[in-house]
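**Student:** what's the 3D shape of this:
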Amino acid sequence: MMSDKKKKTQTLWLLLGGPRVLMVFAVTLLTVIGLVFIISSGKELSWAEKVASTDVDLDAPVGGPFTLTGTNGEAVHAKDFKGKMMLMVFGYTYCPDVCPMSLLAISNTLYDLEKTQPEVASQIAPIFVTLDPERDTPEMLTTYLKSFHPRITGLTGTLPDIKRMTTAYGVSFAKTENEAFSDYLVDHTTNIMLMDADGRYLTHYSPQTPPNLMGMSLQRYARTS
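**Tutor:** Down below sits the predicted model:
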């Protein structure tokens, strides 16, 4: 006969998810440890590793000149960011999930770096490029970006200008319809892209990257740029 204490312990274990939860926890822990090791050791990811984890076309050159429109209506050029590492998010203000997640990730990363590594934070130019210029006017971007770090530069423009830039930066996007939403959505590349001080591709981050890990990576690239 199983004792009441043992029965209660087994019931609690099953309610908490049992071996499945333990397995997920172990995999997550190993993944985090692996990321910390890669970033802290200064090991550069191979092209194969990058291609395996991104939908950016790394077989083609990534980056290049662009001219878009800032939140004040002024023309903004790629050369305006020369000497800074561009930390770029491509998305749109009506995005229900991944775009605010990406912007929050870089906002929290910048806030942390400004406290601990201000010289690194000063080298970063955070940029949000809309993929929905039809709805994302300069005024709309201004309002939207108030929820995130104040240094984030919002960029919009004509659809042809946006397409030229996204083609150069290996970013894809397309309008889609979804019955759960009253208006259209935009499917798009979700990576947070990092370019060096000369506008060349360095690496990318997932929107789920913890700020401490992104900050460690940025510190490493700031030292080598």
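**Student:** contacts only, for residue 134.
**Tutor:** By CB atoms under 8 Å, 6 or more residues apart in numbering, the residues touching residue 134 are residue 159. Placement of C-beta: from N, CA and C, glycine included.
**Student:** avg pLDDT for the helix or strand hosting residue 161?
**Tutor:** Assessed by DSSP states H and E, residue 161 sits inside helix 159-168. Over the span of helix 159-168, the pLDDT mean works out to 95.
**Student:** and for stretch 145-154?
**Tutor:** In this model, stretch 145-154 has a mean pLDDT of 98.
**Student:** do the same with stretch 99-119
**Tutor:** Mean predicted lDDT for stretch 99-119 stands at 97.
**Student:** same question, stretch 179-188
**Tutor:** 82.
**Student:** low-confidence regions, this protein specifically.
**Tutor:** Residue ranges of the chain with pLDDT under 70: 1-61, 180-181, 224-225.
**Student:** which stretches of it form strands?
**Tutor:** 67-70, 75-77, 85-91, 124-130, 153-156, 173-176, 185-188, 192-195, 201-205 (DSSP state E).
**Student:** list the buried residues in the helix holding residue 161.
**Tutor:** For helix 159-168, burial by neighbour count (16 or more other CB atoms under 10 Å) applies to 161, 162, 164, 165, 166, 168.
**Student:** with stretch 75-88 instead?
**Tutor:** Result for stretch 75-88 [16+ other CB under 10 Å]: buried residues 76, 78, 81, 84, 85, 86, 87, 88.
**Student:** and what of stretch 217-225?
**Tutor:** Residues of stretch 217-225 classed as buried: 217, 218, 219, 220, 221, 222, 225 (neighbour count, 16+ other CB under 10 Å).
**Student:** picking up where we left off before, then the helix holding residue 161 to CSV, C-alphas only?
**Tutor:** Output of helix 159-168 as CSV, limited to C-alpha atoms (Å, rounded to 0.1, in the frame of the first residue of the first chain):
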residue,chain,number,x,y,z
LEU,A,159,6.7,51.4,-50.7
PRO,A,160,9.4,51.2,-53.5
ASP,A,161,12.0,52.8,-51.2
ILE,A,162,11.1,50.2,-48.5
LYS,A,163,11.3,47.4,-51.0
ARG,A,164,14.7,48.6,-52.3
MET,A,165,16.1,48.7,-48.7
THR,A,166,14.7,45.4,-47.6
THR,A,167,16.0,43.7,-50.7
ALA,A,168,19.5,45.0,-49.9
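**Student:** quick check: angle from that helix to strand 124-130?
**Tutor:** Going by axes from the mean of the first three to the mean of the last three CA atoms, to 10 degrees, helix 159-168 is angled at 130 degrees with respect to strand 124-130.
**Student:** quick one: helix 159-168 to strand 85-91, angle?
**Tutor:** Using the same axes, to 10 degrees: helix 159-168 against strand 85-91 is 120 degrees.
**Student:** possible to save the buried residues of helix 159-168 as TSV with distance to residue 140?
**Tutor:** Output for these, formatted as TSV (distance: CB to CB, whole Å):
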residue	distance to residue 140
161	17
162	15
164	21
165	19
166	19
168	24
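**Student:** contacts only, for the residue nearest to the spatial centre of the chain.
**Tutor:** Centroid-nearest residue in the chain, with CA atoms, centre = their mean: residue 192, separated by 2.9 Å. Residue 192 makes contacts with 87, 88, 89, 102, 105, 106, 204, 205, 206, 207, 209, 214, as judged by CB under 8 Å, 6+ apart.
**Student:** right, I'll call it a day here.
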